[in-house]
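**Q** here is a sequence with its predicted model. Questions after.
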Amino acid sequence: MPELPEVETIKRGLEHFLIGKHITKVTVKTAKSFTGKSEEVVGHKVIEFKRRGKALLIGLDGNLWLMIHLRMTGQLIYIGEEKFAAGHPDKSFVEKMPGRHTRVIFEFDDASHLYFNDQRKFGFVKFVSKAELEKDPFLTKLAPEPWELTPEEFFARLQRRKGTTIKAAILDQSVIAGVGNIYADESLFFAQIFPGRKVADVSRAESGKLLKGIREVMEASIASGGSTMKDYVRADGTKGNYLEKFAKVFQHDGQKCLTCSNIILKTKIAGRGTHYCPECQK
DNA sequence: CTAGGATCCTGTCAGC
DNA sequence: TGCTGACAGGATCCTA
């Protein structure tokens, strides 16, 4: 579930807390969730944070990296003097750690902890050298970030997927990095394009508007803090939903379109639940 | 090569 | 209440 804006939010939160700290212990509770020799992570210092698409990259001294992908249900929870939780928003944000879905635990030299939680075990932590990271198949296939793609290059990359739907095309990480199901639906609403339209029928001008939509929707989400504990817990203590801050169609099926008042529909396109306005999107 | 469906895994919810 | 199937903010693998 975490898409580019959520991972960016995590990156900004964690770099604030972790840069300069040494890792003193790594506990792998679920073998599937960790690749590499976890005992060799111990003793290394956190140097830098990067993000590529939906992948979080944590640079350690000695040219070593931790690559983390949250996939559908991953979340990262930092607990030290302060607490920071982001990723798949669920009640673990406010529960005691480790929890039922905790897969990997990192401990730091100030006794703070970072918990990698993942209900469905699709996500992972990989410990690799710089050389291995550069050869990682996910990263080598990954398209440029939305802000690094020119409209011309975006249009050209879309043409590689001419026979499929526009929604399937933008979910393809080799076309544009970081778009997932929420931002696909939201950006297609922004661009007034029906998600099931064939790529071949999307004009150059429309693809330009779509790229603009992807950027703007993601920027709005990042500005609001992605999905974090802050969004999950409202000031009055009730459960929040960060989607309400920016989503106009995602999970709005049955509700009125904010633009035209027609009812937002939900269907299945590209194998995914797809929300759209039948009046605004053609 | 492309497109689309199955698959990995666990939990929740709607409908009998 | 208990069961069953569908579905869930991802990416890869397999088949046609």
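**A** That came in fine, so what should we check first?
**Q** just say helix, strand or coil for the residue of the stretch 151-282 of chain A found nearest DNA strand B.
**A** Checking the stretch 151-282 of chain A residue by residue against DNA strand B with C-beta to the nearest atom of the strand singles out A:Gly163 as nearest, at 2.8 Å. Using the backbone N, CA and C atoms, a C-beta is placed for each residue, glycine as well. Under DSSP: H, G, I helix; E, B strand; the rest coil, A:Gly163 falls in the coil class.
**Q** not counting sequence-adjacent ones, nearest residue to A:Arg197?
**A** Spatial nearest neighbour of A:Arg197, chain neighbours left out: A:Ile166 (5.2 Å); criterion: C-beta to C-beta, 6 or more residues apart in numbering.
**Q** can you give me the distance of the one you found to A:Lys198?
**A** 7 Å (C-beta to C-beta, to the nearest Å).
**Q** who has more neighbours, the two?
**A** A:Ile166 (27 against 13; other C-beta atoms under 10 Å).
**Q** ok, the closest residue to A:Ala169 other than its chain neighbours - contacts?
**A** Nearest non-adjacent residue to A:Ala169, counting by C-beta to C-beta, 6+ apart: A:Arg161, 4.1 Å away. The contact partners of A:Arg161, by C-beta atoms under 8 Å, 6 or more residues apart in numbering, come to A:168-169, A:172, A:175, A:199.
**Q** which residues in the stretch 1-150 of chain A form strands?
**A** Applying DSSP state E, counting those that start in this stretch to the stretch 1-150 of chain A gives strands spanning A:23-28, A:34-35, A:46-52, A:55-60, A:64-69, A:74-79, A:83-87, A:102-108, A:113-118, A:124-129.
**Q** doesn't A:Leu66 make contact with A:Ala55?
**A** No: judged on C-beta atoms under 8 Å, A:Ala55 makes no contact with A:Leu66 at a distance of 10.6 Å.
**Q** what's the local residue count around A:Leu149?
**A** Around A:Leu149 there are 20 residues (other C-beta under 10 Å).
**Q** against A:Ile182, how distant is it?
**A** A:Leu149 is 19 Å from A:Ile182, by C-beta to C-beta.
**Q** okay, domains of chain A per the record?
**A** A:4-134, A:151-276 (automatic domain parsing).
**Q** let's have those domains in CSV, adding mean pLDDT and distance to A:Glu145.
**A** Formatted as CSV, the domains of chain A follow (pLDDT from 0 to 100; distance: least, C-beta to C-beta, whole Å):
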stretch, mean pLDDT, distance to A:Glu145
domain A:4-134, 97, 7
domain A:151-276, 95, 5
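**Q** quick one: closest of those domains to A:Pro144.
**A** domain A:151-276 (6.3 Å; C-beta to C-beta).
**Q** distance across that closest one, terminal residue to terminal residue?
**A** End-to-end distance for domain A:151-276, by C-alpha to C-alpha, to the nearest Å: 24 Å.
**Q** touching DNA strand C at all, that domain?
**A** Yes: using C-beta under 7 Å from any atom of the strand, domain A:151-276 reaches DNA strand C at A:171, A:173, A:180-182, A:226-227, A:241-243, A:268, A:271-273.
**Q** filter the contacts of A:Arg161 down to the ones in strands?
**A** Nothing among the contacts of A:Arg161 maps onto strands, per DSSP state E.
**Q** of those residues, which pair is most distant in space?
**A** That would be A:Asp172 and A:Val199, which, of the contacts of A:Arg161, are the farthest apart (C-beta to C-beta) at 10.3 Å.
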